[in-house]
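Asks: Show me how the following folds:
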Amino acid sequence: MKKIVLVEDDADLFRLVQYNLEKEGFQFVGLQTGRGAVDLCKRERPDLILLDVMLPDSDGLEICKAIRASQELAHIPVIFLTARASETDRIVGLELGANDYIVKPFFIRELIARIKIHFRGQAPATKVMRAGDLELDRARCNVMLGGQEVTLTATEFRLLEFLMSRPGVVFSREQLLDAVWGHDRAVTDRTVDVYILRLRQKIETEDGSSFIRSVRGFGYSFTMEPAPAEQVRA
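Replies: Numbering: from 1, shown residues only. Coordinates of the predicted model:
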């Protein structure tokens, strides 16, 4: 499922785009202010970004420049949504790194069509991820360790998949809650610690090493090579 981030301050347009993207089967993440947009994209790692140019607290052009300057985000397609319709505005937007430029008002079907064009020819997401003796198969929703199947709950699987697909990135408990449990949740930060402990117990190697590393005072990250247990819990 492709993930799309929308940064748009118009509440009606925001809801309209969200409804239609989810209807088309896309995973949706949105923000109605420019502040925090780059951090949101770094956390969510979307497949495409829809970006309003004229935001109440930020300049969409500057946000696009920051996205293109980020090693983590530079490859992600950006489509500008804006009321600025002049030739000069279009050229500036494209020269700053936007992949497409859609002028408001627009037909929602046209937006969906343009989004789909950017996904044509893209290689499908890796179905099987491996790290040492650990293997996660997204299509079959199963995990193997040293050739033996590991029994995980649905939430444990989603948590491991999220961490494993972003090796080396340190996520706070709040970020993990948003990514795995969603924004509408009735769980606390402590829940993350409990699930991390359960995962560690299930995917630790025979020598007691673990793939999940604790970062004191912040959160957790996944390492492609298991570290000694006493080190990851330090």
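Asks: Quick check: Asn143 is in a strand.
Replies: Just to correct that, residue 143 is Val rather than Asn. Yes: counting by DSSP: H, G, I helix; E, B strand; the rest coil, Val143 is found in a strand.
Asks: Name the nearest residue to it, sequence neighbours excluded.
Replies: Val150 (4.4 Å; Cβ to Cβ, 6 or more residues apart in numbering). Using the backbone N, CA and C atoms, a C-beta is placed for each residue, glycine as well.
Asks: now swap in Leu159 and tell me
Replies: Nearest non-adjacent residue to Leu159 (Cβ to Cβ, 6+ apart): Val180, at 4.9 Å.
Asks: Three-state assignment for the one you found, please.
Replies: Applying three-state DSSP: Val180 is helix.
Asks: Pretty sure the residue nearest to Val143 sits against Lys202.
Replies: Yes: using Cβ atoms under 8 Å, Val150 is in contact with Lys202, at 5.3 Å.
Asks: So which of those two has more stuff around it?
Replies: Taking other Cβ atoms under 10 Å, Val150 and Lys202 do not tie; Val150 has more neighbours (18 against 14).
Asks: pLDDT value on that one, please?
Replies: Looking at Val150, its pLDDT is 93.
Asks: give me phi/psi at it?
Replies: phi -100, psi 130 (degrees, to the nearest 10).
Asks: Run a quick neighbour tally on Gly60.
Replies: 25.
Asks: so who does it touch?
Replies: Gly60 is in contact with 7, 34, 51-54, 80, 82, counting by Cβ atoms under 8 Å, 6 or more residues apart in numbering.
Asks: hmm, 6 Å instead?
Replies: Counting by Cβ atoms under 6 Å, 6 or more residues apart in numbering, Gly60 touches 51-53.
Asks: right, and Asp9 touches Ser58 too?
Replies: No: at 9.4 Å, Asp9 does not count as touching Ser58 under the criterion of Cβ atoms under 6 Å.
Asks: any idea of the pLDDT on the nearest residue to Leu50 once chain neighbours are set aside?
Replies: Leaving aside its chain neighbours, Leu50 sits nearest to Leu6 (4.5 Å; criterion: Cβ to Cβ, 6+ apart). Listed pLDDT for Leu6 reads 97.
Asks: shaky segments in this structure?
Replies: The model of the chain has pLDDT under 70 over residues 121-126, 183-185, 206-208, 227-234.
Asks: Outline the domain layout of it.
Replies: Domain assignment for the chain by automatic domain parsing gives 3-119, 128-232.
Asks: So for this structure, the centremost residue is which one?
Replies: Glu44 (2.3 Å; Cα atoms, centre = their mean).
Asks: what's the nearest residue to that one if we skip its chain neighbours?
Replies: Val29 (5.0 Å).
Asks: cool, and Thr82?
Replies: Val53 (3.8 Å).
Asks: does Phe222 sit in a helix or strand, and which one?
Replies: Assigned by DSSP states H and E, Phe222 belongs to strand 219-227.
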